[in-house]
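Undergrad: Just the structure for this:
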Amino acid sequence: MQFTGCGTALVTPFQPDFSLNEATLRKLVQRQIRGGVDFLVPCGTTGESPTLTRREHLRVAEITLQEAHGKIPVLAGAGGYNTQEVIELARELESLGADGLLSVTPYYNKPTQEGLYQHYRAIARGTRLPIVLYNVPGRCGTNLEPATVTRLAAIENIVGIKEASGNISQMAALANAVPDDFVILSCDDAITLPLFALSGRGVISVASDEIPAEMALLCRHGSRGEFAEARAIHRKFLPLMEINFAESNPIPVKAALSLMGLLEPVWRLPMTPPKAENLMRIQTLLESLQLVERASVVVASVAH
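TA: Purely as a prediction, here's the structure:
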């Protein structure tokens, strides 16, 4: 299965004028490939997809595909609360050459379990691409329950789920219910290792934006059952995994990448720069992990 191991939930870099920074995006994708991640995920939550226009969304996916150039798969974000619009976006991403789609549950309108089933069934009928479901109740207000996921797993091109409920018991029930070839991916870097023990197959990672090689290695050890080796990486970088959610994602990770000299610290509203005290915490942690040199200058932050 092509969407296993470490997939990076790519940030979307912006210029100081808040336009897409295409040159930086290309560099970030190349850095991920050099780091050995297994697949790339543009235009998700970490990519600030709600603030991207349709044209920008497709352009980010297109650039990612160009830079990946078939070396690793690209699982492009295609979700929303309007089923027909999601189908149209899915078809456009398919025409660009995306390898698969990551589709978040509809947010705000809070469909029933039957509504969720019919939503994904319609998307699956509208595209030939493999679809990875994305369950994130904390952001969307609905929980894609294991029984519904099991129904959806019977649809040929629905191949996996990014599970962000944070509920280990639900993840265990899901692992027991779905077919063996249905891929369960963690959304939370900190839960990646325990999820491997429940037959999880990897993570769609925020931390791999910062440490692609280390997260890719953690997943390789986890997939082989080499838990001592995986634990050593997990323990070292758990503080980074946690600080990435000190404020709403992707506020901290973009601040970290800016401190690392990898992008301009620019967010689009309603995302805002981190609080000054959190920015200092991020900088101190990056210094302790030797991801940045010790410095007295804190990077300025911009939001629009």
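
Undergrad: And the strands in this protein?
TA: 5-9, 39-41, 75-77, 100-104, 131-135, 158-163, 183-186, 202-205, 266-267, 302-303 (DSSP state E).

Undergrad: and the first one, how far out from the chain's middle?
TA: Distance of strand 5-9 from its chain centroid, counting by C-alpha atoms, centre = their mean, to the nearest Å, is 7 Å.

Undergrad: State the mean pLDDT of it.
TA: Model confidence over strand 5-9, given as mean pLDDT, is 98.

Undergrad: what packs against the longest helix seen in the chain?
TA: The longest helix of the chain (DSSP state H) is helix 227-243. Helix 227-243 sits against helix 192-197, helix 207-210, helix 212-223, helix 251-259, helix 276-288, with contacts defined as 3 or more C-beta pairs under 8 Å, 6 or more residues apart in numbering; DSSP states H and E. The C-beta positions use only the backbone N, C-alpha and C, and glycine is treated the same way.

Undergrad: please redo it, this time with the cut-off set to 7 Å
TA: Under the contact definition 3 or more C-beta pairs under 7 Å, 6 or more residues apart in numbering; DSSP states H and E, helix 227-243 sits against helix 192-197, helix 207-210, helix 212-223, helix 276-288.

Undergrad: how long is stretch 171-188 from one end to the other?
TA: By C-alpha to C-alpha, to the nearest Å, the extent of stretch 171-188 from end to end equals 12 Å.

Undergrad: Give me the contact list for it.
TA: 1, 3-4, 136, 146, 149-150, 153, 159-164, 166, 192, 195, 198-204 (C-beta atoms under 7 Å, 6 or more residues apart in numbering).

Undergrad: Flag every buried residue along that stretch.
TA: For stretch 171-188, the neighbour count (16 or more other C-beta atoms under 10 Å) marks 171-175, 178, 182-188 as buried.
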